[in-house]
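> Have a look; sequence and predicted model below, questions after that.
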There are 2 protein chains.
Amino acid sequence: MTNAPHPVRARRVPRAERREEIVAAAARVFGSKGYRAGSLAEVAEQVGITHAGVLHHFGSKDKLLWEVLDYRDRVDVEHLEGQHIPGGADLFRHLVRTARLNADRRGIVQAYTVLTGEAVTDGHPAAERARRRFEVLRGDISAAILAIAADQDVEVTRADADQAASAVIGVMDGLQTQWLLEPDVVDLPAATRSAILAILATVLGGPDHLPGDL
Amino acid sequence: MTNAPHPVRARRVPRAERREEIVAAAARVFGSKGYRAGSLAEVAEQVGITHAGVLHHFGSKDKLLWEVLDYRDRVDVEHLEGQHIPGGADLFRHLVRTARLNADRRGIVQAYTVLTGEAVTDGHPAAERARRRFEVLRGDISAAILAIAADQDVEVTRADADQAASAVIGVMDGLQTQWLLEPDVVDLPAATRSAILAILATVLGGPDHLPGDL
DNA sequence: TCACACTTACTGACTTGTCAGTAAGTAGCC
DNA sequence: GGCTACTTACTGACAAGTCAGTAAGTGTGA
């Protein structure tokens, strides 16, 4: 009798590999249900282990969330050749391209939207993270605007560039929410592109100074 | 012995009054913690009754949420004179004014942001509501753009107006999220105003056709 | 052999919702 | 006015479930 000596047990998987599986599953679960509503049991089930197994690897639900956020940041820049965010007009080309890609990555967009929305609730573990993320993005976009302005010989104040940067991030996020609810009504890439163009054109003092081919 | 014949009991309050208290409390709780994370017990505590008392009035947590959303919609238009949303350039004046008001109504903004973010999670009871809300808003804004275009003798397609409308809603929502996380960094009214102006100017084919004094 | 991935078994805290009981208020009637 | 019959607002106890987290044990692969 060599068959079925004991009930089916999950294949023993090396630590690093299992952790990756779990983080990917958690990204899906937290992304679709939210962090507070998503349970460790559901994450575990997707990997084929028990929720205690998940805790064995990450210690607590909060720590798992950190890993998910790190993971998502890594995935976010995966498709970038140089692995670093470009500057100047290239940054906006990158943003528009990201919007185009996002139209086929509903899960990732939903995760970002849900988690960001949840982050503004009282005492949420991802709040600080969301703040930092916005800060960095705003800085990058603002710098890119100032670079284009310098290149085009138009004067733009730091404050105006910052405000335009906030607006660019804002439309991108806001359009994503609408698109998630009604994908057939909102054309995410097109709307994102023209909104960014509108904001850029205005802050640069007219469409004449826009960088081409966004 | 006429004193304390039974433990202190909550003052007995007539139905309509109590329901209002509960809905207001629920709006605070769901607004600050989210619907799924906010508990009936916490709502009840704020009113000074038990969670069973809350259920006596509303039957279920879901039904309480509906009431909260209705309540918020009523409060939203409370400061409008005619109680109805204006059209044409007045609509944009109204939107900018709302942004100004919102800068002093953090709680309401947070409730809107949290609940809208939660609405994109799988099977959320407020999803349909959020969809309808966006649809109506988009329709109103799009119509206002077309009205201004007609007035200014510029040609704007329905599709372009719709897209601009989505963008206007998007910036407003997106900026609110950033402002909630960093109120000192983001100037909500100013950023909202200039972003709306930028989008309008572009869809109307240049700043010359903009309505004055937004 | 032994570290490690994991399960089983459990705890304690919370969740929404149900239900019976009770006090407070109200309408009808004498 | 005062008594009765009824409704309504609410409590407290409980059911039934979910949750994260802990502790101890077990099979497995290097």
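Cool, the structure landed.
> the helices in chain A, which residues?
Secondary structure of chain A (DSSP state H): helices located at A:15-33, A:40-47, A:51-58, A:61-76, A:88-102, A:106-119, A:127-151, A:158-181, A:188-203.
> Mind giving me the packing neighbours of the longest one?
Just to be clear, that refers to helix A:127-151. Under the contact definition 3 or more C-beta pairs under 8 Å, 6 or more residues apart in numbering or on different chains; DSSP states H and E, helix A:127-151 sits against helix A:88-102, helix A:106-119, helix A:158-181, helix A:188-203, helix B:158-181. Every residue, glycine included, has its C-beta placed from N, CA and C.
> ok, now the second one?
Packing contacts for helix A:40-47, counted by 3+ C-beta pairs under 8 Å, 6+ apart, involve helix A:15-33, helix A:51-58, helix A:61-76.
> Contact residues of chain A facing DNA strand C?
A:7, A:9-10, A:12-15, A:18, A:44, A:48-50, A:52-53, A:56-57 (C-beta under 7 Å from any atom of the strand).
> run the last query once more with 10 Å
A:6-19, A:21-22, A:41, A:44-45, A:47-57 (C-beta under 10 Å from any atom of the strand).
> Drop anything exposed from those.
A:18-19, A:21-22, A:44, A:47, A:49, A:53-54, A:57 (16 or more other C-beta atoms under 10 Å in any protein chain shown).
> Could you list the low-pLDDT ranges of chain A?
Across chain A, the ranges flagged by pLDDT under 70 are A:1-11, A:79-83, A:212.
> Go ahead and flag the most central residue of it.
residue A:112 (4.8 Å; C-alpha atoms, centre = their mean).
> which residues touch that residue?
Contact analysis of residue A:112 by C-beta atoms under 8 Å, 6 or more residues apart in numbering or on different chains lists A:31, A:72, A:176.
> how about the residues of chain A that lie near DNA strand D?
A:5-14, A:29-30, A:33, A:35-45, A:50-56, A:58-65.
> ok so, going back, pipe the helices and strands packed on helix A:40-47 into JSON lines and attach distance to chain B per row.
Listed next are the helices and strands packed on helix A:40-47 as JSON lines, based on distance: least, C-beta to the nearest C-beta, whole Å:
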{"stretch": "helix A:15-33", "distance to chain B": "5"}
{"stretch": "helix A:51-58", "distance to chain B": "19"}
{"stretch": "helix A:61-76", "distance to chain B": "13"}
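> Out of those, flag the one nearest residue A:137.
helix A:61-76 (11.0 Å; C-beta to C-beta).
> Figure out how far that closest one is from the centre of its chain.
Offset of helix A:61-76 from its chain centre (C-alpha atoms, centre = their mean, to the nearest Å): 11 Å.
> Give me the contacts around that helix.
With C-beta under 8 Å, 6+ apart, helix A:61-76 has contacts from A:19, A:22-24, A:26-27, A:30, A:35, A:40, A:43, A:54, A:58, A:108, A:111-112, A:115, A:125-126, A:129.
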